[in-house]
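> I would like the atomic coordinates for the input below:
(2 chains)
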Number of protein chains: 2
Amino acid sequence: MIKAAEKRLKNNSNYTPMLNSPFLDKIAGKKIYVKAECLQKTGSFKFRGGWSFISNLSEKDKSLGVLAFSSGNHAQGVSAAAKVFSAPCTIVMPKDAPKIKIENTRNYGAQVVLYDRTKEVREDIGYAIAKKKNFKVIHPYEEPLVIAGQGTTGLEIAQQAKELGITDAEVLVCCGGGGLISGIALALAELSPKFNVRPVEPEHFDDTKRSLERGKIVANKRISGSICDAILTPKPGENTFKIIKEICDSGLVVNDEKVLKAIALAFLHLKIILEPGGAVALAAALYLPHLIKSTHVIVVGTGGNINTDIFTSALKSINA
Amino acid sequence: MIKAAEKRLKNNSNYTPMLNSPFLDKIAGKKIYVKAECLQKTGSFKFRGGWSFISNLSEKDKSLGVLAFSSGNHAQGVSAAAKVFSAPCTIVMPKDAPKIKIENTRNYGAQVVLYDRTKEVREDIGYAIAKKKNFKVIHPYEEPLVIAGQGTTGLEIAQQAKELGITDAEVLVCCGGGGLISGIALALAELSPKFNVRPVEPEHFDDTKRSLERGKIVANKRISGSICDAILTPKPGENTFKIIKEICDSGLVVNDEKVLKAIALAFLHLKIILEPGGAVALAAALYLPHLIKSTHVIVVGTGGNINTDIFTSALKSINA
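Numbers count the residues shown, from 1 in each chain, chains lettered A, B, ... in the order given. So this is what the prediction gives:
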């Protein structure tokens, strides 16, 4: 499925670069490679999953339309893909999502339905609208076609690592619902079986790490209270956790302070923009090297859709 | 020479992506593609020229060492390449160069000699040291091996444009001494002869534009007073201007205010960091579309080595 998704994505998504800086290597005492998915269309890897799903629909289903619920990156990925296929698109978004994500989603032509994260359940709202209007729902991480689309990132990582002569590595992936990490882990299990794939999460939102430790799905106690908006899912998905449990290694956790520093260091040394939820894996590579066995660390920089005020405060965190 | 430089650079430089955003296209009313050389090693295209020169030296000359004079990007490109070849490296830099550029040059292991841009001539200082110490001088734009190295950017542009199906385009290049634009123009004259290559310069530093209009080299009246530090050369080079005059089209000029906005829009929509001197071409594409004939505009985003205070003021310029 991942290889089929890759064929549909070819020439439609960006083959994103794998970036390195000797200055980041020096901080970690390891070789760090950042797969810069912030440079993907719509500013995050989510475009891959959205395109994978919509490109696989019948013409009739495309014309009826699609619906997604998302804090912002899946929203933009789906709405940009839907626009190319002229598929009507409705997105259910929390009203406290970053302004830039809501605006961009509207600018891609989607109809945005806002809800209150503290009082309403997005799935309930989304499925009710979809049923009434005959929209296909694109689940952000449970949908196999979405996992396959995100998994194309793993195919590229395998190829780029091979070109760089990397035969052994830990692959750190920013983790919310788990669609990206399960897709990447499936791709690498086949192509780079020596690579160790590990989820990275923000402090207080380490549901995947704790689920892995207990061998069953456990939820977060909080639903908000971190700058890492893109990956604050309540608990791992049923489908994604089955994969993660089978083929991923233990999780890592970083706090917001380290995330801000990682954003600033990516600005200084890689010249890319990472959003908080897209920088947790880099933060783990930089500040938790003692918890990483391999000397080669591949980090997925999953997205770059950040408001200017948070970015500015990240720059202040390193006084450069 | 460009193809030979490409062989020496293979697996040593980054093959940088060509990025597009529908939101930028909408502003310009054209399709804009940004060749993101800010993602090149050391944060600018200058690594290509430095590597091209040093990789071509004899083992004896490498061991004697190299010298460059530079406001910062050539400094970093040369010193990073010299480090890989274990060649001693001395860099003559203006003392008002951005702090990050001076620091990074030192961190790559070069010995930095600072001078006063308003009172001293960098060439005099550089050639005197080089003569005394037997260093090979790497001129930032007049050296043919450097032009050939920068020209590899043009080989990549030709290939990427072909993959994107672009047969007709204007190629806008940020222009200081003219090493990059002459290299790119030579590569494209052979591979994409329909492409029109044009220099872009900051207001009051449009020496190349005016030299093209008069058919002979003319100098700038000022030597400082723009945020675009990377491209404030006093006048076009003798070698580079011969090429530019022969195969480039007319120049474009943008002011600092538009440059700051272009930096902010690259942050918002492309997720890359551009420095002022690296953003003039994007600023021209966005704000001077009436002076551009082709509907496809390829912009070289030449570098991303910017201090945080200027970057923060750029973000404020669009209130996003």
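> residue boundaries of the helices in the stretch 101-250 of chain A?
A:122-133, A:144-163, A:179-191, A:207-214, A:238-247 (DSSP state H, counting those that start in this stretch).
> the third one: which residues count as buried?
Of the residues in helix A:179-191, those scored as buried under the neighbour-count criterion (16 or more other C-beta atoms under 10 Å in any protein chain shown) are A:179-189, A:191. From N, CA and C alone the C-beta is placed, and that goes for glycine too.
> skipping adjacent residues, who's closest to the residue in the stretch 151-300 of chain A that chain B sits nearest to in space?
Here the residue of the stretch 151-300 of chain A nearest chain B is residue A:271; by C-beta to the nearest C-beta that distance is 3.5 Å. Residue nearest to residue A:271 in three dimensions, not counting chain neighbours: residue B:304, with 3.5 Å by C-beta to C-beta, 6 or more residues apart in numbering or on different chains.
> so that neighbour makes contact with residue B:271?
No. At 11.6 Å, residue B:304 does not count as touching residue B:271 under the criterion of C-beta atoms under 8 Å.
> roughly how far apart are the residue nearest to residue A:271 and residue B:269?
Relative to residue B:269, residue B:304 is positioned 15 Å away (C-beta to C-beta, to the nearest Å).
> if you count surrounding residues, which of those two has more?
The neighbour comparison of residue B:304 against residue B:269 (other C-beta atoms under 10 Å in any protein chain shown) goes to residue B:304, with 29 against 24.
> so who does the more buried one touch?
The contact partners of residue B:304, by C-beta atoms under 8 Å, 6 or more residues apart in numbering or on different chains, come to A:271, B:38-39, B:43-44, B:272-275, B:278.
> run the last query once more with 6 Å
Residues near residue B:304 by C-beta atoms under 6 Å, 6 or more residues apart in numbering or on different chains: A:271, B:38, B:43, B:273-275.
> right, and the pair among these with maximum separation?
By the measure C-beta to C-beta, B:43 and B:274 form the most distant pair in the contacts of residue B:304, at 10.2 Å.
> which one of those two is surrounded by more residues?
residue B:274 (34 against 31).
> name the SS class of that one, please.
coil (DSSP: H, G, I helix; E, B strand; the rest coil).
> and the stretch 201-320 of chain A, which residues reach chain B?
Proximity of the stretch 201-320 of chain A to chain B, by C-beta under 6 Å from any C-beta of the partner chain, involves residues A:267, A:271, A:273, A:304, A:308, A:312, A:315, A:320.
> could you work out the most separated pair of those?
Pairwise over those, using C-beta to C-beta, the maximum falls at A:304 and A:320, 18.9 Å.
> which elements pack onto the helix or strand containing residue A:284?
Using DSSP states H and E, residue A:284 sits within helix A:276-287. With contacts defined as 3 or more C-beta pairs under 6 Å, 6 or more residues apart in numbering or on different chains; DSSP states H and E, the packing partners of helix A:276-287 are helix A:22-28, strand A:170-174, strand A:196-202, strand A:252-254, helix A:256-269, strand A:296-301.
> and it, what's its mean pLDDT?
Helix A:276-287 shows a mean pLDDT of 98.
> burial measure for residue A:64, as a count.
Counted with other C-beta under 10 Å, the neighbours of residue A:64 add up to 15.
> also the one 5 residues further on?
Neighbouring residues of residue A:69 were enumerated by other C-beta under 10 Å; the total is 27.
> you'd agree it is up against residue A:127?
No. Counting by C-beta atoms under 6 Å, residue A:69 stays clear of residue A:127, with 9.0 Å between them.
> taking the stretch 101-250 of chain A, what residue is nearest to chain B?
Of all residues in the stretch 101-250 of chain A, residue A:107 sits closest to chain B, at 6.6 Å by C-beta to the nearest C-beta.
> helices and strands around the helix-or-strand element of chain A with minimal mean pLDDT, which ones?
One helix or strand of chain A scores below all others by mean pLDDT, DSSP states H and E: helix A:99-107, with a mean of 90. Using 3+ C-beta pairs under 6 Å, 6+ apart, the elements in contact with helix A:99-107 are helix A:73-84.
> helices or strands up against the helix or strand sitting right after the helix it packs on along the chain?
Sequence-wise, the next helix or strand downstream of helix A:73-84 (DSSP H and E) is strand A:89-94. For strand A:89-94, the elements it packs on are strand A:66-69, helix A:73-84, strand A:111-115, helix A:122-133, judged by 3+ C-beta pairs under 6 Å, 6+ apart.
> how about the residues of the stretch 1-150 of chain A near chain B?
Neighbours of chain B within the stretch 1-150 of chain A, by C-beta under 6 Å from any C-beta: A:17, A:38-39, A:43.
> could I get the helices of the stretch 101-250 of chain A as a markdown table with mean pLDDT and distance to residue B:243?
Output for those, formatted as a markdown table (pLDDT from 0 to 100; distance: least, C-beta to C-beta, whole Å):
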| stretch | mean pLDDT | distance to residue B:243 |
| --- | --- | --- |
| helix A:122-133 | 95 | 58 |
| helix A:144-163 | 98 | 33 |
| helix A:179-191 | 98 | 44 |
| helix A:207-214 | 98 | 56 |
| helix A:238-247 | 98 | 55 |
